[in-house]
Each structure stands twice: as C-alpha cells, then as structure tokens.
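Visitor: fold the following.
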Amino acid sequence: MLLILLEALGAGCILVLIVWWTMFSGRSETEAEHEAAQTQARQDSKD
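Guide: Next comes the predicted model:
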C-alpha cells in the first residue's frame, strides 16, 4: 500500500513539473514584446 502511495506521489510530482515547465518556459521575451506591439497596433487602428 505504501509503495502505491509513493508511486502516485512521484507521478503527481512529475505531472506538476511538466505543467510548470510548459507554462513558464515556453515564451521568450522577444516573442512577448512582439505580441505586445501587435496588440498596441490593433488598438491604435481601432481609434
């Protein structure tokens, strides 16, 4: 029983690590700046 709980805990930790990795390491600063510039250009064209 303890072995099953440890295995489930390990799998949960791996899942959290994968989610964290995909959320916070995917975008570079350049990509974020480019997207912000495009958003600003869209807002300017609406006015």
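Visitor: in terms of pLDDT, where does Ile14 sit?
Guide: Looking at Ile14, its pLDDT stands at 98.
Visitor: just give me the neighbour total for it.
Guide: Using other CB atoms under 10 Å, Ile14 has 10 other residues around it. Every residue, glycine included, has its C-beta placed from N, CA and C.
Visitor: and it, how far is that from Trp20?
Guide: When distance is defined by CB to CB, to the nearest Å, Ile14 is 11 Å away from Trp20.
Visitor: for this structure, which spans come out with low pLDDT?
Guide: Per-residue confidence of the chain (counting by pLDDT under 70) places the weak regions at 26-29, 47.
Visitor: please enumerate the helices of it.
Guide: 2-24, 29-46 (DSSP state H).
Visitor: measure the residue nearest the centre of the chain to Ala8 for me?
Guide: The centroid of the chain falls nearest to Met23 when counting by CA atoms, centre = their mean (1.0 Å). With distances taken as CB to CB, Met23 is found 23 Å from Ala8.
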